[in-house]
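> need the 3D shape of this:
(2 chains)
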Amino acid sequence: NAGVMQNPRHLVRRRGQEARLRCSPMKGHSHVYWYRQLPEEGLKFMVYLQKENIIDESGMPKERFSAEFPKEGPSILRIQQVVRGDSAAYFCASSPLTDSLYEQYFGPGTRLTVT
Amino acid sequence: DQQVKQNSPSLSVQEGRISILNCDYTNSMFDYFLWYKKYPAEGPTFLISISSIKDKNEDGRFTVFLNKSAKHLSLHIVPSQPGDSAVYFCAASGGGTASKLTFGTGTRLQVTL
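Numbers count the residues shown, from 1 in each chain, chains lettered A, B, ... in the order given. From the prediction side, this is the model:
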């Protein structure tokens, strides 16, 4: 039973380029979350999605960042015109659709480096 | 505004002894708390959780205690093992079935021989 998959694991982009991060949730999970971890900090919530819906994007920067979770395929976190401050580890998590389960299961992360 | 705080950035414990990791929170709307363990270059791994209606939850060597009046929780690991050496994050969730997690900044645990 595969866990949460993220690719690529490492991504290097020059300033001004676009970064696309992909996340495939665990089988049977319909909730996807994206978090960002800056060096020496905890994880910060960015966005929560269900299939074809953004439920909570209160942690997303207002500009350049977008996320989607289409009916088919992985969830995508897109960062346009990247800047050095976007360098971080981006983690995706998923959880199942149940009444009682809060636990989120994390992928290995994508480490974005902006040069 | 750090709603979940882990005031000890690091902790060193001898193998076989108890490790106690602490976490404080400020938001009284939080009703579910989780502990995650993280190795370098990996994603966080879920360890144990507790609902606000309980004050203790135990799973093998791991026990989480919740003191709602003090807005404090702790993770006890006993006995500590070298493989427990990692960064431990406390996280909190509030409202709804599936909701965003608010993380602390982590405590790096080193279990020495």
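
> gap between the residue nearest in space to the middle of chain A and chain B?
In chain A, the centroid-proximal residue (CA atoms, centre = their mean) is A:Trp34; its distance is 3.4 Å. Distance, A:Trp34 to chain B, by CB to the nearest CB, to the nearest Å: 10 Å. Using the backbone N, CA and C atoms, a C-beta is placed for each residue, glycine as well.

> ok, for that residue, nearest residue in space, not its chain neighbours?
Once flanking residues are discounted, A:Trp34 sits nearest to A:Met46: 4.4 Å by CB to CB, 6 or more residues apart in numbering or on different chains.

> would you agree the one you found is in contact with A:Leu38?
No: A:Met46 is beyond contact range of A:Leu38, at 12.0 Å (criterion: CB atoms under 8 Å).

> is A:Ser58 in a helix, a strand, or coil?
coil (DSSP: H, G, I helix; E, B strand; the rest coil).

> that one: neighbouring residues, count only.
Residues near A:Ser58, counting by other CB atoms under 10 Å in any protein chain shown, number 9.

> which one's more surrounded, A:Met46 and A:Leu38?
A:Met46 (22 against 13).

> contact partners for the more buried one?
A:33-36, A:57, A:59-60, A:65, A:67, A:77 (CB atoms under 8 Å, 6 or more residues apart in numbering or on different chains).

> mind picking the two most distant members of those?
A:Tyr33 and A:Phe65 (14.3 Å; CB to CB).
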